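Enquirer: Sequence and predicted structure are below.
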Amino acid sequence: MAAWDVSRSGSHRVTVQYTDRGAPRAPELTGTASLTLRTAFQEAEQYTSTGGAHDGAVAGRRTGASGGRALTEIEVGNWIAFDPVSLRNSRSVTVGATPCGTGGTVEFRAASPDGPLLGSLTVPGAEDGVAGSGTAGGRDRVTRPR
């Protein structure tokens, strides 16, 4: 038996189950294995876990956002994680961010929120504190630490 599940984030989960016929004094044995395949394009609001201040980041509806959703609330010290995702052998990451609030830094870390720093990106604040009114933003590449 095999099952194939496609989530709204574009990831694919394959689950396979096999049952043997058993033997004369041995019952049937069943084994199950699952694998999640993700595309290279990931939406931040499709995180698998979050944490930090006030229980972490919040995703919500956002007109004009890819898929109609975005991170709508994220504070200093918040983090999001994608499991399983590996940046091993990745040469770059592209981030789409809209200037809002006071701005901040997006960091990419290995294995945990305080794991080794893989790279970072500065997101500017919005002019007059109004989301989307800043002059910078759009997509930018993450820089690797020196």
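Expert: Cool, the structure landed.
Enquirer: The nearest residue to residue 11 once chain neighbours are set aside and residue 97, how far apart?
Expert: Counting by Cβ to Cβ, 6 or more residues apart in numbering, residue 38 is the residue found nearest to residue 11 once chain neighbours are left out, at 4.5 Å. Where you see a C-beta, it was placed from the backbone N, CA and C, and this is true even at glycine. From residue 38 across to residue 97, the span is 21 Å (Cβ to Cβ, to the nearest Å).
Enquirer: again with residue 45
Expert: Per Cβ to Cβ, residue 45 is found 13 Å from residue 97.
Enquirer: Equivalent analysis for residue 18, please.
Expert: Distance of residue 18 to residue 97, computed by Cβ to Cβ: 45 Å.
Enquirer: More neighbours: which of those two?
Expert: More crowded of residue 18 and residue 97, by other Cβ atoms under 10 Å: residue 97, with 20 against 11.
Enquirer: Would you mind listing the buried residues in whatever helix or strand residue 120 lives in?
Expert: For residue 120, the host element (DSSP states H and E) is strand 117-123. For strand 117-123, burial by neighbour count (16 or more other Cβ atoms under 10 Å) applies to 118, 119, 121, 123.
Enquirer: tally of neighbours for the residue nearest to residue 11?
Expert: Residue 38 sits with 18 neighbouring residues when counted by other Cβ under 10 Å.
Enquirer: I'd guessed it sits against residue 46; true?
Expert: No - taking contacts as Cβ atoms under 8 Å, residue 38 lies outside contact range of residue 46: 9.4 Å.
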